[in-house]
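1. What would the 3D arrangement of this be:
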Amino acid sequence: MREKIRSMTLAIRRFGLVFLALILLASIVPLGSPAHARARAQAKLPQPLRQDESCLACHGQAGMKSDSGKNISIDSAKHAASAHGILSCRECHTSIQDYPHPAKVLKIKCATCHADEASHVPNSVHSALGDRACRSCHGDHHEVAAAAQTAPAKCAQCHADEVKKFRQSIHGQAAAAGDPDAPTWMSCHGPVHQIQTSGDAASTVAKTNLPDTCASCHSDQQFLLRHKIPFAHPVELYRQSVHGRALVDGDRAAATCSDCHGSHGILPARDARSKVNHFNIPATCGQCHAEIAKTYLESVHGQATQNGASGAPVCVDCHGEHLILGPKEVGSPVNAARVSMATCGRCHADERLALRYNLPADRVPSFADSYHGLALRGGSQSVANCASCHGVHNIFPSSDLRSTVNAANLSKTCGNCHAGAGDHFVIGPVHVRISTGPAHRIVKWIRWTYLVLIPLTLGFMILHNLLDFFAKLIRRHPRHESDAQVSRMNRNFRIAHWGVMLSFPALVFTGFALKYPEAWWARPLLLWEGHFAFRGAVHRAAAVLLIASTVYHMIHLAVVRRDRLFLKAMLPQFKDATDMLQVLSSSLGLTKIEPRFAKFNYAEKLEYWAFLWGTAVMTVSGVLLWFNNFTLRYLPKWVSDAATAVHYYEALLATFSILLWHFYMVIFDPLVYPMDTAWLDGKVPADHYRHSRPAYFRALERAHLVERPVESADYGQDQGPAGASSDDPPATD
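-> Just a heads-up that it's a prediction; the model follows:
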C-alpha cells in the first residue's frame, strides 16, 4: 500500500511540473504561432470533471491493473468525450466513496440508469449476446459513444454485408447526401434495444408488418412529391393486391416489399443491379413463380427481353406492379374481358412499337372488329380473347411448332371453343377487318361492291324523295275529305307486316349494339352482358320472328289463291321505269304531266323485292354466323369473314332504306302525312287512290270495294284522265 501512496505522490509532483512548464511555454510562444494554435485546439477538447481528478490521478495512468490483473486504466480524454463524460465517477461507482477502496467493488449495472432500455434487451435479437450485450454495441463503459456515432459502423462489426449493401442502396446514398428524409436502421428495424428477428411476429420487418414499415415513408404523399417518386399510393395498392390479401390471410409465402425490392440493398429501377430493373423483373418474380418464369423466358417476349429489347413486356407490364390482381378479378389487366384491349392492345396497338419491332399494325383493330372482339367490348366473359388463342406465358411466333397458332395447331386451338372445327377446318387469314385492311379476295369483292352500292342507293333515295317532297309541296293538290276507304291489307298481310314491324327495329338496335357496344344508346343493353348475352339473345329472337313472318307471308300466298294476285301486281314492268322517269321530270318541272300508277307503283315494287332479297341475304349470312361451329367444321374461314361483311353492309343498307324510302312513303309523303294507317286496319283513304291511281280506283268501284260512309254529291266526278285502263284487278289484298 505504501508503494501505491508513493507512486501517487510522484504522479502529483509530475503533474505540477508539467503544468508549470506549460505556463512557461505559453509565455514564450507567440499567440499567432502554430504551436499556440495547437494549444488552443487542445484546450477546446472535452476535459475531465474537476471532481474526477483524484480518481484519474491513479486510473488515468496507462496500463494500470487491479490485484487480479484486470485493466482498470481510463483514457481521460476519451472518457470526457463519451456520452458518460458529463457524469462523475462516483455517480456510477456508488460503492466507492473514499480511498482505499473496498475490498470488493460492486459491478456497475447499466439498468441503474437505463432501466427501460435494459428491460427490452432480453426480449430482443441481441439478447443472444448475454451479459456483454451492452458492451458489444456501446463499447467500454468509460468510452460510450452517442448512438449517432455508433451506427452503422458498430453494426458493421457483426452485420458487415448488410451495412455494405445499405451504403450502396438508394437509402444509404440519400443518407450520405444529408437527406433528412433518408431512413436509418431505426426507421426500418425499430428502436435498437427492441430489434426482433424478421421471423418474429412483433418485428417491424416481419412479413406481415413490412408493408406498414415501408408505408411510414411511401404512403406519405408529401414525401413522394419531395423525392419525385412517380408511383402513387404504392403501399395502398399493394394491400389490395393478391399478394397483400394473401399476406393478411396468413400466407407466409406471399410476396412483400422486400421480396421484390430487396431489403438492405434497395436500388432504383434504373440501376441495372436493381431487382425491379426492367430486365431483372422475370428473375425477381421467378423467385416464387419459377415454372412460369421458365416458360416466359422461352417465349417470344422472354427471348426479346433477354436480347435487350426494352419494349418487350415483362411480368409487370401485363400483371401490374403493386396492384397485382387475380385473372378472374374484374379490375385485373389480365382478366378475360380486359386482356385483349387493355393489356395486349397497349403494345400491339402502339404505332411506335410496331415500327420499331416490325410488328403487324392491324392485329388489335381487326380483333376489335371481329365477332370475338365485339362480344368482349360488350362485356362477354366467355368469348375468346388474345390469350385464348396465343397463350399466356407460352406465346411463341406462329412459325414455331410450339405455338398454339401454328398452322398445325390451329384446329386444336379453335376446337377448344368450336367443337369439331378440326378435321375439315381450312383456316384462312385470322385477323380480318371488315371495312379495311388485308382480307380474302371474296371478302374484298364484297367490301367494294357494297361501298359502291350503298352510297349510290342511298343517294338516289335522298334525291328522289327530296324532289318529290318539294314538288308536292309546291303543287299542293287539294285533298278530298270524302272519308271513303279501300282495303289495302287484309288480316294475313297485316300479321306478316306486324311481325316485320316488331322484329326489324329490334334487329337494327341490337345488331348495331353488338357492333358498337361503346355507344351511349347501347349501354342499357350491356347491363346484363356480364352474366347473360342479352344483345345476342334478343337479336336472334328477332331474327327468328322476321324469318317466321316472311315464311308466313309465303305460305299465305301459296295457300290463298285469290291473294296470289298480289304477286302478279308486284311483278316489275317496263312501265315502272317510265313512271319513275316521269316522276323525276315532273318534280324537276320538265313536264306538267303527272304519272298515273297501277295497283302498285315502282317505289313499292322496289321496296318489296329489295326486302325479300335483303331478308334472304341476312338470313343466310346470319345463320352462318349463328351456327359457327358448323361453318368452321365444313367451310373455310373466309366464308365466315364473307358472311360477317355481308351481314354488316346489308344491315346498313336495309336500315337506311327503311328510314329513307319506306318511312317517306308511309309517313312523310305530303299526300300521306301524318301516316298511312293501313298497318292498323288494312284500309287507306280512297281519295289518294282516286288521284294517283284512277284506273285502279275505278276497278275498285266496279268491284264495289270502295267503302263510302257518307255519300257525297260531287264524289266520283273526277274519274281520272281519259284513256286510263279500267281492267285492273280489284284489290284482293
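2. Tell me which residues touch the nearest residue to T213 once chain neighbours are set aside, please.
-> Spatial nearest neighbour of T213, chain neighbours left out: T204 (4.8 Å); criterion: C-beta to C-beta, 6 or more residues apart in numbering. Glycine gets a C-beta too; all of them are placed from N, C-alpha and C. Residues in contact with T204 (C-beta atoms under 8 Å, 6 or more residues apart in numbering) are C188, H189, G190, Q196, L210, D212, T213.
3. buried subset of those residues?
-> Among the contacts of T204, those scoring as buried are C188, H189, G190, Q196, L210, T213 (criterion: 16 or more other C-beta atoms under 10 Å).
4. So which of the residues you listed sit within helices?
-> When DSSP state H defines the helices, the subset of these inside them is C188, H189, L210, T213.
5. For the residues you listed, give me a markdown table that also has distance to T457 and pLDDT.
-> Formatted as a markdown table, the entries for these read as follows, by distance: C-beta to C-beta, whole Å; pLDDT from 0 to 100:
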| residue | distance to T457 | pLDDT |
| --- | --- | --- |
| C188 | 75 | 89 |
| H189 | 79 | 89 |
| L210 | 69 | 92 |
| T213 | 71 | 93 |
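6. out of the residues you listed, who's nearest L297?
-> Set against L297, the nearest of these by C-beta to C-beta is L210 (28.4 Å).
7. Now do the contacts for that closest one.
-> Taking C-beta under 8 Å, 6+ apart as the criterion, L210 is in contact with T204, T256, C257, S258.
8. Which residue comes closest to L325 once chain neighbours are left out?
-> Going by C-beta to C-beta, 6+ apart, L325 has S332 as its nearest residue, at 3.7 Å.
9. number of nearby residues for the one you found?
-> The local packing count at S332 equals 23, with neighbours defined by other C-beta atoms under 10 Å.
10. M675 now?
-> 12.
11. Tell me the backbone dihedrals of it, please.
-> Its backbone dihedrals place M675 at phi -170, psi 140, with angles given as degrees, to the nearest 10.
12. got it, and the one 5 residues further on?
-> Backbone geometry at L680, expressed as degrees, to the nearest 10, gives phi -90, psi -50.
13. What score does it have for pLDDT?
-> Looking at L680, its pLDDT stands at 91.
14. what's near enough to touch it?
-> Under the contact definition (C-beta under 8 Å, 6+ apart), no residues are listed for L680.
15. follow-up on the earlier one: make CSV out of the buried ones among the contacts of T204 and add distance to D676.
-> Formatted as CSV, the buried ones among the contacts of T204 follow (distance: C-beta to C-beta, whole Å):
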residue, distance to D676
C188, 83
H189, 88
G190, 87
Q196, 89
L210, 77
T213, 79
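16. which of these lies closest to H322?
-> Closest to H322, out of all of the buried ones among the contacts of T204 and judged by C-beta to C-beta, is L210, at 13.5 Å.
17. Distance check, that closest one against D200.
-> With distances defined as C-beta to C-beta, to the nearest Å, the gap from L210 to D200 amounts to 13 Å.
18. same deal with H193?
-> With C-beta to C-beta as the criterion, H193 and D200 are 15 Å apart.
19. more crowded one of the two?
-> For the pair H193 and D200, the greater number of neighbours falls to H193 (19 against 15), based on other C-beta under 10 Å.
20. Surely that one is in contact with A115?
-> No. With contacts defined as C-beta atoms under 8 Å, H193 does not count as touching A115, sitting 11.3 Å away.
21. ok so, going back, among the ones in helices among the buried ones among the contacts of T204, which one lies nearest to C344?
-> L210 (33.2 Å).
22. which stretches of the protein have low pLDDT?
-> When residues are selected by pLDDT under 70, those of the chain lie in 1-45, 147-149, 378-379, 420-429, 433-438, 477-481, 530, 710-733.
23. Could I get the full set of strands for it?
-> Counting by DSSP state E, one finds strands in the chain at the ranges 485-487, 683-685, 706-707.
24. Out of the buried ones among the contacts of T204, the closest to Q485 would be?
-> The shortest distance between Q485 and any of the buried ones among the contacts of T204, using C-beta to C-beta, involves L210 and amounts to 86.9 Å.
25. does W528 really touch G536, like I thought?
-> No. Judged on C-beta under 8 Å, W528 makes no contact with G536 at a distance of 11.0 Å.
26. So V544 versus A533, what's the distance?
-> From V544 over to A533 the distance is 15 Å, taken as C-beta to C-beta.
27. ok, those two, which is more surrounded?
-> A533 (20 against 11).
28. what's that one sitting at in phi/psi?
-> Given degrees, to the nearest 10, the pair of backbone angles that A533 has is phi -70, psi 70.
29. What distance do you get for it to R523?
-> Spatial separation of A533 from R523 under the definition C-beta to C-beta is 16 Å.
30. Same check on I547?
-> Plainly put, I547 is 29 Å away from R523 if you go by C-beta to C-beta.
31. Those two: who's more crowded?
-> I547 (18 against 11).
32. check contacts around the more buried one.
-> Neighbouring residues of I547 by C-beta under 8 Å, 6+ apart: T615, T619.
33. mind redoing it with 7 Å?
-> Taking C-beta atoms under 7 Å, 6 or more residues apart in numbering, we find I547 in contact with T619.
34. Please renumber the chain so that the first residue is 57 from this point on.
-> Right, with 57 as the first residue, what we last looked at is I603.
35. quick one on the thing from earlier: tell me the one among the buried ones among the contacts of T260 nearest to V395.
-> The shortest approach to V395 among the buried ones among the contacts of T260 belongs to L266, at 30.6 Å (C-beta to C-beta).
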